[in-house]
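**Q** Could you look at this predicted model? Sequence included:
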Amino acid sequence: MCNLSIKNMKFRHLALANIIPILFLTSCGGGADYRIADKSTDPNYIEKQEDIEYTDRFSDDEIKQEEHIPSEDNDSLENNIDSGGTQENIASDEQVRSNIATEDKPKKTDIKDTRVNTVRRYSAYWAGLHVGDMITSVESKGVYLSDKKEVKAQKFTTIIKSHNLAKLINGYKSETKAVMVFNEEGKYIPNTYSTSYKMRKKHRDITMKYSKDGSEIINETNIPPEKRWKREEVPTNLKLNSPDPLTLVFQARQKIIEVVEKGGKNTFTLPLYDGRRRSNYFFTVYGITKNNLIHITFEEKPVSGYTNNEIRDFKKGATLVTAYLSKDDYLPVWGTAHSFLGKAKIILKKYCKTLNECL
């Protein structure tokens, strides 16, 4: 998840952001956290947040309002990273990944191509101040695998830049890229992932290459090397069936499409490995607002690879991201991230023809 703290303007690189993710800021890649403080508003945004009505309720008595405060599920978090998670957490986490790997396969005739082509810019606001932009480029294309077979794929690029006070303090910037395969079962599976980000004088590059079925990482780099006394390495078994942050965005999007088409409120959980940390993301799809937007929320729960400071932040309360998606492409239009420190708003500001046009 992406956290922003104005206290020290610390950016812990995701999807984030986590994706961020984003869904937008969840897609920061590599593990940036924007610790969010205080309320933020966009003076150009005219819709009243409290005026939420539903044209299609997924649950008559369980629709949550946008201003819902994140629950503080602090049990066992303190020991959650000691050895790749507690036995109880690992067991539940294995069930999450097992569910992903053993889902019923749809008939090929029922599979709809949900890939999309779009370039857009999101802006983030904190305390009324424009603190950053995220430019995303999503392109449907064909790629060749190791067996020289061409398959359908989705290419996803995100560029995040800090602005104003945030830029002055830390000069944060990142570029994250992923290619995911849209397979014959209608699922998005990771193929390649890379992220490069810098903040102040620090810089980090992460790359991951996946097996043909996307279930395991066959090659990964993390430069400079982690300080293992501070951040323990994620065990190999916990990386299995755990996609990168950008692939997670499209796996979640696919699930949301299925929920909306079938009707009914639903929750689901997806695993994530960002090259440094292993987590689970809990999603809830609530309903369709009067403005014909799909209302969802999601939050991150740590599994392995987190520092003690990061765990302490989670004990204070997980960040809840509320997002509103377009029914046309199931991508975010606007959203808020609400943590124990306050709230930030992320808004779609511009559609572009090319990535450079949005920079």
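**A** Arrived safely, thanks for sending. Numbering: from 1, shown residues only.
**Q** can you give me the strands in this protein?
**A** 54-57, 118-126, 129-144, 150-162, 173-182, 188-199, 202-210, 217-223, 266-273, 278-289, 293-304, 320-326, 332-339, 342-352 (DSSP state E).
**Q** For N117, grab the count of nearby residues.
**A** For N117, the count of nearby residues is 12 (other C-beta atoms under 10 Å). For every residue, glycine as well, the C-beta is placed using N, CA and C.
**Q** doesn't T136 make contact with it?
**A** No. Between N117 and T136 there is no contact under C-beta atoms under 8 Å: 11.6 Å.
**Q** one step back: could I get the strands of the chain as JSON lines with distance to E232?
**A** Output for the strands of the chain, formatted as JSON lines (distance: least, C-beta to C-beta, whole Å):
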{"stretch": "strand 54-57", "distance to E232": "44"}
{"stretch": "strand 118-126", "distance to E232": "31"}
{"stretch": "strand 129-144", "distance to E232": "29"}
{"stretch": "strand 150-162", "distance to E232": "27"}
{"stretch": "strand 173-182", "distance to E232": "24"}
{"stretch": "strand 188-199", "distance to E232": "20"}
{"stretch": "strand 202-210", "distance to E232": "17"}
{"stretch": "strand 217-223", "distance to E232": "13"}
{"stretch": "strand 266-273", "distance to E232": "14"}
{"stretch": "strand 278-289", "distance to E232": "11"}
{"stretch": "strand 293-304", "distance to E232": "7"}
{"stretch": "strand 320-326", "distance to E232": "26"}
{"stretch": "strand 332-339", "distance to E232": "24"}
{"stretch": "strand 342-352", "distance to E232": "30"}
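**Q** Worst mean pLDDT among those strands?
**A** For these, mean pLDDT drops lowest on strand 54-57, to a mean of 42.
**Q** Could you give me the buried positions within stretch 250-258?
**A** F250, Q251, A252, R253, Q254, K255, I256, I257 (16 or more other C-beta atoms under 10 Å).
**Q** and what of stretch 320-327?
**A** Going by neighbour count (16+ other C-beta under 10 Å), the buried part of stretch 320-327 is L320, V321, T322, A323, Y324, L325.
**Q** Just confirm the fourth one contacts L331, I think it does.
**A** No. Contact between A323 and L331 fails when scored by C-beta under 8 Å: they sit 9.5 Å apart.
**Q** Next, count neighbours for the nearest residue to A323 once chain neighbours are set aside.
**A** In space, and not counting its chain neighbours, A323 is closest to G335: 3.7 Å by C-beta to C-beta, 6 or more residues apart in numbering. Close neighbours of G335, defined as other C-beta under 10 Å, add up to 27.
**Q** gap between G335 and F283?
**A** To F283, G335 is 13 Å away according to C-beta to C-beta, to the nearest Å.
**Q** before we move on, what about I160?
**A** The gap separating I160 from F283 is 22 Å, by C-beta to C-beta.
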